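Participant: What shape does this take:
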Amino acid sequence: MKLYLECASGISGDMTVAALLDLGADEGVLRQALVSLPVEGYRVEVSRVSKAGLDACDFAVLLDDAHENHDHDMEYLHGHSHDRDYTHGHEHDEEHDHSHGHDHPHAHEHRSLPDILQIIQAGALTSGAKALAERIFTILAQAEAQAHGVPLEQVHFHEVGAVDSIVDIVAAAVCLDDLGVTEVVVPVLNEGTGFVRCQHGKLPVPVPATLNIAAQHGLNLHILPVEGELVTPTGAAIVAAVKTEDALPERFRVIKTGYGAGKRHYSVPSLLRAMLIEPI
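Facilitator: Here you go, the predicted structure:
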């Protein structure tokens, strides 16, 4: 099966999972796989939302108080207030929000790459889903190691090791495996500009981990005049792990289209469009 990811508004982990569910990935299979992981402190919610007037699927990882990573804290993340209200616990996006310098009383999960790979191996996933989830996390680890100037074995995922990120990445791998996707076309990743906060200050967009992934895996970037992070490290890592082509067939049929909603509010709709296509 050939998949086309249209990343006109960027890509993140939760957007990817939502789009794949909208394409027909089995939600029951996904939930069984997630329940089998030795990870606690969360529940997942799959719902329908409207983005720019379009019906889309939303995939949310709702964390308990002990694991809440406060990625929904957009005012802190971007350093200024936003006009919209962000509902506590639901407007979270994933690890890439780099908000761990914020003074919150909750403890964060710190895991090494071997820790995460062990979690994946312990789950009741197919061999294909396990291999893909491991590849995505390894790509992230390599990018973070380069960004921080440390050996791979010293990378500790205080961000991508958080519960919601493990769930997003495993969920994406399970859905891709369930759909039987063997080829993935991703012509370009549209990205924004500006800065996001991290524990050491502000990072320029694209953030270093995303840029490292793009450089190491030949991803095509296009910068939009939009303030904000459209492509997250998790989203970039998913693309790097699955992309087989960067050009669409000259002619093709669209078998099915799925829309995955993001949680952020920018001047472009936070929406990932995915299509199952058949070259003709």
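Participant: which ones are touching the closest residue to Ile11 other than its chain neighbours?
Facilitator: The shortest distance from Ile11 to any residue other than its chain neighbours is 3.6 Å, reached at Gly235 (Cβ to Cβ, 6 or more residues apart in numbering). Just so you know, the C-beta spots here come from the backbone N, C-alpha and C atoms, and that holds for glycine as well. For Gly235, the contacting residues are 7, 10-13, 15-16, 96, 189, by Cβ atoms under 8 Å, 6 or more residues apart in numbering.
Participant: Please identify the helix or strand for Gly235.
Facilitator: Element membership for Gly235, per DSSP states H and E: helix 233-242.
Participant: got it, and Val174?
Facilitator: helix 163-179.
Participant: any idea how far that helix is from the chain center?
Facilitator: 9 Å (Cα atoms, centre = their mean, to the nearest Å).
Participant: State the next helix or strand along the chain beyond it.
Facilitator: Next along from helix 163-179, by DSSP H and E: strand 183-185.
Participant: tell me which residues in that following strand are buried?
Facilitator: 184-185 (16 or more other Cβ atoms under 10 Å).
Participant: Then stretch 24-33?
Facilitator: Buried residues in stretch 24-33 (16+ other Cβ under 10 Å): 25, 29-30, 33.
Participant: repeat for stretch 231-246
Facilitator: 231-243.
Participant: worst-scoring helix or strand of the chain, pLDDT-wise?
Facilitator: helix 74-78 (a mean of 35; mean pLDDT, DSSP states H and E).
Participant: related to what we said a few turns ago, heading C-terminal from the helix holding Gly235, find the next helix or strand.
Facilitator: Next along from helix 233-242, by DSSP H and E: strand 252-261.
Participant: Could you list the buried residues of that following strand?
Facilitator: Buried, per 16+ other Cβ under 10 Å, within strand 252-261: 258-261.
Participant: want to throw the residues you listed into JSON lines with distance to Asp168?
Facilitator: Shown next, in JSON lines, are the buried residues of strand 252-261 (distance: Cβ to Cβ, whole Å):
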{"residue": "Gly258", "distance to Asp168": "16"}
{"residue": "Tyr259", "distance to Asp168": "17"}
{"residue": "Gly260", "distance to Asp168": "11"}
{"residue": "Ala261", "distance to Asp168": "14"}
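Participant: Helices of the stretch 1-150 of the chain, residue ranges please.
Facilitator: 13-23, 27-35, 74-78, 113-122, 127-148 (DSSP state H, counting those that start in this stretch).
Participant: Determine which stretch of these is the most buried.
Facilitator: When neighbours are counted by mean count of other Cβ atoms under 10 Å, the highest per-stretch mean among the helices of the stretch 1-150 of the chain falls to helix 13-23, a mean of 29.
Participant: and which of the contacts of Gly235 is nearest to Ile119?
Facilitator: Gly13 (15.8 Å; Cβ to Cβ).
Participant: The closest one contacts Ala172, doesn't it?
Facilitator: Yes. Counting by Cβ atoms under 8 Å, Gly13 does reach Ala172; the two are 6.1 Å apart.
Participant: Now for the two: what residues contact both?
Facilitator: Contacts common to Gly13 and Ala172, judged by Cβ under 8 Å, 6+ apart, are Ile238.
Participant: shaky segments in the stretch 1-150 of the chain?
Facilitator: For the stretch 1-150 of the chain, applying pLDDT under 70 flags the ranges 66-109.
Participant: between the helices of the stretch 1-150 of the chain, which one is nearest to Asn220?
Facilitator: Here helix 127-148 is closest among the helices of the stretch 1-150 of the chain (Cβ to Cβ), at 16.5 Å.
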